[in-house]
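Colleague: quick one: sequence plus predicted model below, questions after.
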Amino acid sequence: MKLYFKCFILFFVLHGANAQNEEETESDSDAGIKVFVGGSKPFALDDNFIGDSYNLKYGAEVGVLYLFTDHWFAGAQVDVLWTDVTNSEKLGGINRTRIISSSLNGGYLTSLTGSLEFSAKLGFGHARYANRASENGRAFHDDAFITYLEPKLAYLINDGIGIYLGLNFRYDNMSIKTSDQYEDYFSSSTRLAPTVGAQFSF
Amino acid sequence: MKKLLCFLTALSFISCALDYEDNRRIHLTGSLLDPAGDPLRDAGVDLYVETFGFKNSVSNVIASTTTTENGHFDLLSIEPKDEILFLSISERLSSFMGVRIRESVDNHGPFYDLGELRLNARGNFQLNFINQSGTEEMVFLQVKYPAYTAFQSLPEGWEYVYTYEGSETGEVTDLRTFSTQGNNQIYLTTLLNSQVQIKYSIGESLNQSDDIQELVLDISESESQYEIIF
């Protein structure tokens, strides 16, 4: 496994170096594909069900974006967020939830210096809150329409590899039907997630 | 044979499986009052469903709470799929009988306001059969009395789950046969201020006997006992 990972890194380093050489010989635009993989540590920004009855553990993301001009891009990504239930009773008897999101996004990317680039993206998509019941462990789910905004700063080690630091501000509009009294509690979730990861340019 | 048993066991588990609706939560609320109208605190309230398997039915409690000082209860639960809801109120203080009610319709709403559930007063009575004649024959007894209905009125869309067989009409017919050797005591519970009809015969069943004794008892106290001497 470690050997595969080393080969993977080596491929991107060599690919990056090769790309740099090619760039020296031909004036090319920045159009291309970037793939990113990262992790996050989300924090709830409100006292709704997520902020009140969960401890948000950590998240992981993987995505791809396509630069169709020098600056503008469109992409897609998948996120997974692991949680701990802290108050099962207030959730109606849930003892485990994992949040899996898939989204499309678009944004703007610009180079600050030779090795630093800044981007901001706006995304929309769907989240599935995969739950398990406390009583018998049976699975069921809740759905949400998600919207997020993420500014990101990336340091390019070379043309192929970079590392990034982002701040994901996300709003989940939940589809849960319940009484008027609990409607606000289950209506939405707002959270902020610092993210770190690696990106690979092709 | 072994495979068949495994299959039947698996089938039993599958049939008992309880699934939940996606994107739904049920919210039940209400208040418990004693017969005098005072709040009943610390009463246990359980929301459950019964799933029927190959051999037996299983009760799955999906949410539980206790009443507050004001007698109020508030239950939030994930929603069982295609199941009738049952609500069980238990006698933690022994001041009233446990009761079970269930939805009379199976289309759930996300919110149930059961309102004020005011308990009926109950009358516990004890029948003491005293054998003074020295007979060694059997006693055949029939007791008819109103089934104990815990609440003065039920919320719309809910009905009682009677624990007595054949008591859907709200009346219990209790048939017993027992030996006259020694004293016999029978304990029953009914509504306060109701009447209990008793028929008994010695030696022959009620269908065959020409000597049937009948009496009607007024249950006017919460605890009372009556002696039947023969």
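Modeller: Sure, I can see it.

Colleague: next, count neighbours for B:E156.
Modeller: 9 (other Cβ atoms under 10 Å in any protein chain shown). The C-beta positions use only the backbone N, C-alpha and C, and glycine is treated the same way.

Colleague: where does the chain dip in pLDDT?
Modeller: I'll assume chain A. Along chain A, segments meeting pLDDT under 70 span A:1-31.

Colleague: my question was about chain B
Modeller: Ranges of chain B meeting pLDDT under 70: B:1-16, B:53-56, B:91-98, B:105-108, B:162-170, B:182-183.

Colleague: how about the residue positioned nearest the centre of chain A, secondary structure?
Modeller: Taking Cα atoms, centre = their mean, the centroid of chain A lies closest to A:E61, which sits 4.3 Å from it. Here A:E61 is strand, with the state taken from DSSP: H, G, I helix; E, B strand; the rest coil.

Colleague: and the strand ranked longest in chain B, is it in reach of chain A?
Modeller: Longest strand in chain B, counting residues (DSSP state E): strand B:20-33. Yes. Looking at strand B:20-33 against chain A by Cβ under 8 Å from any Cβ of the partner chain, the contacts come from B:Y20, B:E21, B:D22, B:N23, B:R24, B:R25, B:I26, B:H27, B:T29.

Colleague: wait, the second one sits on A:H141?
Modeller: No. Taking contact to mean Cβ atoms under 8 Å, the distance of 10.2 Å between B:E21 and A:H141 leaves them out of contact.

Colleague: shared neighbours of the two, anything?
Modeller: Jointly contacting B:E21 and A:H141 under the rule Cβ atoms under 8 Å, 6 or more residues apart in numbering or on different chains is no residue at all.

Colleague: contact partners for the nearest residue to B:I202 once chain neighbours are set aside?
Modeller: Spatial nearest neighbour of B:I202, excluding adjacent residues (Cβ to Cβ, 6 or more residues apart in numbering or on different chains): B:E137 at 5.4 Å. B:E137 makes contact with B:T180, B:I202, B:G203, according to Cβ under 8 Å, 6+ apart.

Colleague: try B:L47
Modeller: By Cβ under 8 Å, 6+ apart, B:L47 lies in contact with B:I26, B:L28, B:V61, B:I62, B:A63, B:S64, B:L75, B:S77, B:L85, B:F86, B:L87, B:S88.

Colleague: when you filter those residues down to buried only, what's left?
Modeller: Buried members of those, counted by 16 or more other Cβ atoms under 10 Å in any protein chain shown: B:I26, B:L28, B:I62, B:A63, B:S64, B:L75, B:S77, B:L85, B:F86, B:L87, B:S88.

Colleague: those residues in strands, which ones?
Modeller: Filtering the buried ones among the contacts of B:L47 for membership in strands, criterion DSSP E, returns B:I26, B:L28, B:I62, B:A63, B:S64, B:L75, B:S77, B:F86, B:L87, B:S88.

Colleague: for chain B, what are the nearby residues on chain A?
Modeller: Proximity of chain A to chain B is confined to A:89-94, A:131, A:133, A:135-136, A:138, A:140-143, A:174-182, A:186 under the rule Cβ under 8 Å from any Cβ.

Colleague: hmm, try it at 7 Å
Modeller: A:90, A:92-94, A:133, A:135-136, A:138, A:140-143, A:175-179, A:181-182, A:186 (Cβ under 7 Å from any Cβ of the partner chain).

Colleague: in helices only, show me these.
Modeller: Among these, the members falling in helices (DSSP state H) are A:Q181, A:Y182, A:F186.

Colleague: what is the neighbour count of the first one?
Modeller: Meaning A:Q181. Using other Cβ under 10 Å, A:Q181 is surrounded by 12 other residues.

Colleague: what's the answer for the second one, then?
Modeller: The tally of other residues near A:Y182 (other Cβ under 10 Å) stands at 20.

Colleague: list the contacts for it?
Modeller: Residues in contact with A:Y182 (Cβ atoms under 7 Å, 6 or more residues apart in numbering or on different chains) are B:R25, B:H27, B:L76.
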